[in-house]
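Enquirer: Provide a 3D model corresponding to the input given below.
(chains A and B)
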Amino acid sequence: QQQVKQSPQSLIVQKGGISIINCAYENTAFDYFPWYQQFPGKGPALLIAIRPDVSEKKEGRFTISFNKSAKQFSLHIMDSQPGDSATYFCAASMSTSGTYKYIFGTGTRLKVLA
Amino acid sequence: KAGVTQTPRYLIKTRGQQVTLSCSPISGHRSVSWYQQTPGQGLQFLFEYFSETQRNKGNFPGRFSGRQFSNSRSEMNVSTLELGDSALYLCASSPYATGATGYTFGSGTRLTVV
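Expert: Next comes the predicted model:
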């Protein structure tokens, strides 16, 4: 119940295409769903996040779609660019004893071809 | 504004030795969390500190320990190193007690156990 399943493990997209990464969770107590972007040699950086009372959130070329009933959420990268090539992690968090506990997906390595 | 600083960036240790990693959070951030990142397991939560108190702990053996100082700086220690401890160790800080709005990660310490 504590797992967050992320797919695909790797993704290759042409420049200008749409990259889609999916995550699924089981525990309905999760109430905050961030996405992180990680470049080689760097720590993950918060990209965009959503709470379950919203079905979609858009920030620039990045959109989170959230399906509460299916317990799934996805990241869409529109007009994908070579600079977007990185590893993306979804996460889910919930309050536990007054603190937030994060569960991360296993990551998706995205390569955008020029 | 300085980010999360982790030192050292790289470490090579011998099996059986112990190691101490350091993390300086963003100024004003009082919550510090530690994660282990490996290719096979992704990001695994180690522990979280707030105001010098450990508030959450992941499923790691007792060889992994940590502490937080009054200036919010944190250290983690791994004793009796095993080959499987080779990983990227990430520290993340948050300004809030609950870490609810997401972390800022450091670039990590790459530990290699030989």
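Enquirer: got a pLDDT number for the residue in chain B that chain A sits nearest to?
Expert: Residue of chain B nearest chain A, by CB to the nearest CB: B:Phe105 (3.3 Å). C-beta coordinates here come from the backbone N, C-alpha and C atoms, glycine included. On the pLDDT scale, B:Phe105 is placed at 94.
Enquirer: for chain A, what are the nearby residues on chain B?
Expert: Chain B comes close to chain A at residues B:4, B:31, B:33, B:35, B:41-43, B:45, B:48, B:50, B:55-56, B:90, B:92, B:97-108, as judged by CB under 8 Å from any CB of the partner chain.
Enquirer: Let's see that with 7 Å instead.
Expert: Proximity of chain B to chain A is confined to B:42-43, B:45, B:48, B:55-56, B:90, B:98-100, B:102, B:105-108 under the rule CB under 7 Å from any CB of the partner chain.
Enquirer: which one of these has the most neighbours?
Expert: Neighbour counts for the residues of chain B next to chain A, by other CB atoms under 10 Å in any protein chain shown, peak at B:Glu48, which reaches 28 neighbours.
Enquirer: distance of it from B:Tyr35?
Expert: As judged by CB to CB, to the nearest Å, B:Glu48 and B:Tyr35 stand 10 Å apart.
Enquirer: What's the end-to-end length of stretch B:57-75?
Expert: 15 Å (CA to CA, to the nearest Å).
Enquirer: roughly how far is that stretch from the heart of the chain?
Expert: 7 Å (CA atoms, centre = their mean, to the nearest Å).
Enquirer: which of the residues in that stretch are buried?
Expert: Using 16 or more other CB atoms under 10 Å in any protein chain shown as the test for burial, stretch B:57-75 gives B:Phe60, B:Phe64, B:Ser65, B:Gly66, B:Gln68, B:Ser72, B:Ser74, B:Glu75.
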